[in-house]
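> my questions concern the predicted model and sequence given below.
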Amino acid sequence: ELEQVCKPHILEITAWRLLLDWDLPTKFHIQPRALQKFLAFVQSHYSDTEYHNATHAADVLQSVHYMLKTAGASKFLSEVQILAMLLGAICHDLGHDGYNNLYHKNKITDRAIQFNDQSIQVSQPHANRRK
């Protein structure tokens, strides 16, 4: 339901709310406009694939937030580690094309060639790739 209300900004809205919940922009002196531009950039660079999309990233982000807050994992981490966890969740599939390594290897795609058939989707951060 949230996706229907927030689309196409599901990740931006979720990330904004959860980062504020942790008070991380204040603690790390992140300007609101800079954060908004960053989140809009990330949202815009998620592919519209069936699974590895911005909604999936928002789901992962919320799951990480739950583990940190409700399950108590945050008591074992510093604030910078919590920020890193949340940012990692936000960006974890950025640029993912929706296909797995075996697909790229079998189809001999440019990605497979570029990464020598080794961990094609994870050899380099997805954000460094362009179609």
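Done, it's in.
> grab the nearest non-local neighbour of His45.
In space, and not counting its chain neighbours, His45 is closest to Leu94: 5.6 Å by CB to CB, 6 or more residues apart in numbering. Just so you know, the C-beta spots here come from the backbone N, C-alpha and C atoms, and that holds for glycine as well.
> next: Asp93.
Nearest to Asp93 is His52, by CB to CB, 6+ apart, at 4.4 Å.
> low pLDDT regions in this protein?
1-3, 117-118, 120, 122-131 (pLDDT under 70).
> hang on, the earlier thing: separation between the residue nearest to His45 and Ala112?
Note on Leu94: its distance to Ala112, by CB to CB, to the nearest Å, is 20 Å.
> again, but for Leu102
10 Å.
> quick one: the strands in the protein, in order.
When assigned using DSSP state E, the chain turns out to have no strands.
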